[in-house]
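In: Got a predicted structure plus its sequence, pasted below:
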Amino acid sequence: MRTGESLPPVSEVLTSLATGLWHWDTAAGLVTVDAEAARLLGLPAEPATLTEVQTRARLHPVDWNEITGVVRLAAAEGTLAEVRVRIMDGDGSILRVVRSRSKPAFDPERQAYELIGTLQEVTEPAPGTPAARSAVTGDWRRSREAFLLDAGRALAEARSTAEVLRVTGGLSMPGFSPDGLVVFGVEGDRLTIIGEHGHQPGDMNPFSHMPLSTDYPAAEVVRTGRAVYLSSPEEYKERYPATWPLARHFGRRSWAFLPLTVAGRTMGTWLAAFAYPVAFTPDERAVLTTVARMLAQALSRAGAAESERELTEGLQRSMLPSLGPEIPGMRLAARYIPTGGGLQVGGDWYDMIPLPSGRFALAIGDVQGHDVRAAGLMGQLRIALRAYAAEGHRPDAVLTRASRFLHGVTHASGDGPSADPRFATCLYVEADPPSGRLEIARAGHPDPVIRMADGTVMMRPTAGGLPLGIDPDADYPTTRFTLEAGETLMLCTDGLIETGGHDLESGWRRLRAILEDHQGDLESLADTLVQAVHGPSSHHTTGPLADRREDDIALLLLCRPGEGCGCGDTAVTVRPPVRRTLLSVAQDEPDRIAEARRHLRELLHDWVSDDQVDSAVLLVSEMVTNVLVHTDTDALLLAEVTGAGAGRRLRVEVFDTGDDLPHKRRPGELASSGRGVMLIELLADAWGVDPRGEGKSIWFELHEPNGSAPCRPDDSGPCRPEDSGPC
């Protein structure tokens, strides 16, 4: 070109360089290309205006997503957007690879991007060559996508801040990996260091608690929310001379400071430092920006989880009491296991309350629900119970007042939209350590369980009333019995019974087997019960009865030391060959006859002959009923099983204060009474009536057969094969 000649048009120069020109307006959704750009896109070599859909159809789908990401990043940082894309023909085959360079601008009023750029055909780098490292296509692209997938999965699975930092420190980025990482947080108007990797202890102390106004890249990122890339020490020194002396002795060659942004708020800065020069191409910046976003999300989740765990532990510590000093003559163990998932505190609770009388009380309960409301009501109800007990009220009065309190709290807002009626089950036990006497009041809660000195385990049915909070005027009758030496009382919430898909019946059978087989002390028994329900061993349960931890678990164990309970210094395994139960039935409590039958069945749960068990239950029902019908006194039932192994003996006595002795009658065919003595003669192995000064006792005995129930000849002849037992 001679001097003085006019310059050729830009379009001719670009065409001679095989470079096309394009313009993209995202608000209009149109892409304008010149003839060369149209040719490179596989279209006729003439200027054209395409829609975004038409343009996207000419590009590889992955590369279109790449373009949109690079454009947003370049607009945010004020840099060029450079990307390599694959041009596809109509059959879906790659026609050529082109490189696009553009300068994006963002219009905040239209909320749109406008780009003017160039297209130029390039040669795809050979896999494994250095040139492939800086290209978006080829091996580097595939390794980058795999890296981001692995990094995203690892960061998503991290459950604590320490684990997030450990995962971040172990990331190996494709083609370039930092050898020093620091995560800065913000506390007030200062930087804090959340974690670091690749530094000696104390190296980062000068950067800790640095004011946000400091001329330091991490502080600038927090102030502006924009990343800072420093490709060389000279650039660092020129831009940040005040803090360059602090960074110089680390010997790094390149630095990337990226904002950690969550929900539009910059919560800190991530520093990635490199021991070699890094150009920070748009591709490399895209990787670093993506990792920074995932890191910010992971740190936010971990912080929320740690705060929740701290809240949970604080609530649990404040709402669940310690068992306090040792009780003379008694041993106590307790466990609380929250349900899985969500807030780790629910409505279950237990408590041990010293009483003014010198006795102590045990309370265990379950407020309806597994939410924060249930946890709050649990705390209120536990405090109310302690207050009523400290006033010296009896068990029935304590529960009556607690029910009135809970009803008032949950129904205070009437029928309005804020009303949240709740109820709670509760079992309240007042214990006298010297004598072992227990007084129990129950409000809709599972019955207590007794492990006797010989290892026999039975549920102890007790009188009860409605759950707390349903009826403010509800009554709660009291059950009294004695915890004998060597016996253990178990109180639990329904979570221990039903966890794992069990119902009350199958769950109780599971617990009974654990209690009967255990040989250790009280603490190990508590651990065994909990582990069997939701510990590692429970995961091997087959079928639908799996460990799901769908309910909270509260457990209290009370032992009166003696042979067989394991409460002493060493676990005692000698088991006295006696088990007994005692129950009173008042004149105004005929419904407790059913309880007497249940008591006896629990006592004989491992008796060999089912027919003998049915006979014993029938005789007890007959004897107690006769006392209530034919006298004006109460009945006291005492049942004892003596002996060990096969051949045990059952002795049942029913006491009353009446003077009339039973006598044998011959009732008519239509008579409704008069058969009691006849039944005892027919079914019992031995029976009798003993005067007791004031009153009498009627007793009978049954002898367990060796191995199976013996048949008993009837009046019609010898034993028959269909009779129970061997003939």
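Out: Arrived safely.
In: So what touches stretch 147-164?
Out: Stretch 147-164 is contacted by residues 166-168, 171-174, 194-195, 287, 290-291, 294-295, 297-299, 302-303, 305-306 when judged by Cβ atoms under 8 Å, 6 or more residues apart in numbering. (Glycine included, C-beta is placed from N, CA and C.)
In: Let me fix that, I meant to ask about stretch 295-307.
Out: For stretch 295-307, using Cβ under 8 Å, 6+ apart, the contacting residues are 155-156, 158-161, 163-164, 167-168, 183, 194, 259-262, 267-268, 270.
In: Among those residues, which are located in helices?
Out: Counting by DSSP state H, these place 155-156, 161, 163-164, 167-168 in helices.
In: Mind jotting down where the helices sit in the stretch 401-550 of the chain?
Out: Secondary structure of the stretch 401-550 of the chain by DSSP state H, counting those that start in this stretch: the helices cover 494-498, 504-517, 522-534.
In: packing partners for the longest one?
Out: Helix 504-517 sits against strand 449-451, strand 457-459, strand 488-492, helix 494-498, helix 522-534, with contacts defined as 3 or more Cβ pairs under 8 Å, 6 or more residues apart in numbering; DSSP states H and E.
In: taking these together, which one is wrapped up most tightly?
Out: Of all the helices and strands packed on helix 504-517, strand 488-492 has the most neighbours on average by mean count of other Cβ atoms under 10 Å, namely a mean of 25.
In: Name every strand pairing with that strand and say which way it goes.
Out: Taking DSSP bridges as the criterion, strand 488-492 forms sheet pairs with strand 449-451 (antiparallel), strand 553-559 (antiparallel).
In: can you list the ones in helices among the contacts of stretch 295-307 in TSV and add neighbour count?
Out: Below are those laid out as TSV (neighbours: other Cβ atoms under 10 Å):
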residue	neighbour count
Leu155	22
Ala156	12
Thr161	19
Glu163	15
Val164	26
Val167	19
Thr168	25
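In: Please produce JSON lines containing those residues, extended by pLDDT.
Out: Formatted as JSON lines, the ones in helices among the contacts of stretch 295-307 follow (pLDDT from 0 to 100):
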{"residue": "Leu155", "pLDDT": "82"}
{"residue": "Ala156", "pLDDT": "81"}
{"residue": "Thr161", "pLDDT": "81"}
{"residue": "Glu163", "pLDDT": "83"}
{"residue": "Val164", "pLDDT": "84"}
{"residue": "Val167", "pLDDT": "81"}
{"residue": "Thr168", "pLDDT": "78"}
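In: quick one: which two of those are the most distant?
Out: Comparing every pair within the ones in helices among the contacts of stretch 295-307 by Cβ to Cβ identifies Ala156 and Thr161 as the most remote, at 14.6 Å.
In: What residues does Ala424 make contact with?
Out: 347, 365-368, 377-378, 381, 406, 443, 467-469.
In: Scan those and report the most crowded one.
Out: For those, the largest neighbour count, defined by other Cβ atoms under 10 Å, is 32 neighbours, found at Leu468.
In: and the gap between that one and Trp349?
Out: As defined by Cβ to Cβ, to the nearest Å, Leu468 lies at a distance of 12 Å from Trp349.
In: Just give me the longest helix of this protein.
Out: Under DSSP H, the chain gives helix 282-319 as its longest helix.
In: Show residues contacting whichever strand or helix holds Thr118.
Out: Using DSSP states H and E, the element containing Thr118 is strand 112-122. For strand 112-122, the external contacting residues (Cβ under 8 Å, 6+ apart) are 14, 17-27, 33, 36-37, 40-41, 71-72, 75, 81, 84, 96-107.
In: Just the ones in helices from these, please.
Out: Those of those lying in helices (DSSP H): 14, 36-37, 40, 71-72, 75.
In: which of those tops the neighbour count?
Out: Among those, Ala37 has the most neighbours (other Cβ under 10 Å), with 26 neighbours.
In: how close does Leu212 get to Asp25?
Out: With distances taken as Cβ to Cβ, Leu212 is found 38 Å from Asp25.
In: before we move on, back to that, and the contacts of Ala424, which is the shakiest by pLDDT?
Out: Note: of the contacts of Ala424, the lowest pLDDT belongs to Gly347, at 76.
In: ok, the closest residue to that one other than its chain neighbours - contacts?
Out: Residue nearest to Gly347 in three dimensions, not counting chain neighbours: Val367, with 3.1 Å by Cβ to Cβ, 6 or more residues apart in numbering. By Cβ under 8 Å, 6+ apart, the residues touching Val367 are 346-349, 374, 377-378, 381, 422-424.
In: Now tabulate these in CSV and tack on secondary structure and distance to Leu638.
Out: Shown next, in CSV, are the contacts of Val367 (DSSP: H, G, I helix; E, B strand; the rest coil; distance: Cβ to Cβ, whole Å):
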residue, secondary structure, distance to Leu638
Gly346, coil, 41
Gly347, coil, 39
Asp348, strand, 35
Trp349, strand, 35
Ala374, helix, 42
Leu377, helix, 41
Met378, helix, 39
Leu381, helix, 37
Arg422, coil, 41
Phe423, coil, 36
Ala424, strand, 35
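In: Of those residues, which is the nearest to Leu583?
Out: Nearest member of the contacts of Val367 to Leu583, counting by Cβ to Cβ, is Ala424, at 27.3 Å.
In: is the closest one in a bridge, and if so with what?
Out: On the basis of DSSP bridges, Ala424 is bridged to Val367, Leu468.
In: start the count at 738, not 1, going forward
Out: With the count now opening at 738, the last piece we talked about shows up as Ala1161.
In: what's the pLDDT at it?
Out: 92.
In: just Val747 next, same as before
Out: Looking at Val747, the pLDDT reads 62.
In: where does the stretch 1238-1387 of the chain have low pLDDT?
Out: For the stretch 1238-1387 of the chain, applying pLDDT under 70 flags the ranges 1271-1287, 1300-1314, 1382-1383.
In: mind listing the strands in the stretch 1038-1187 of the chain by residue range?
Out: Taking DSSP state E, counting those that start in this stretch, the strands of the stretch 1038-1187 of the chain run over residues 1068-1074, 1085-1091, 1097-1104, 1161-1169, 1174-1180, 1186-1188.
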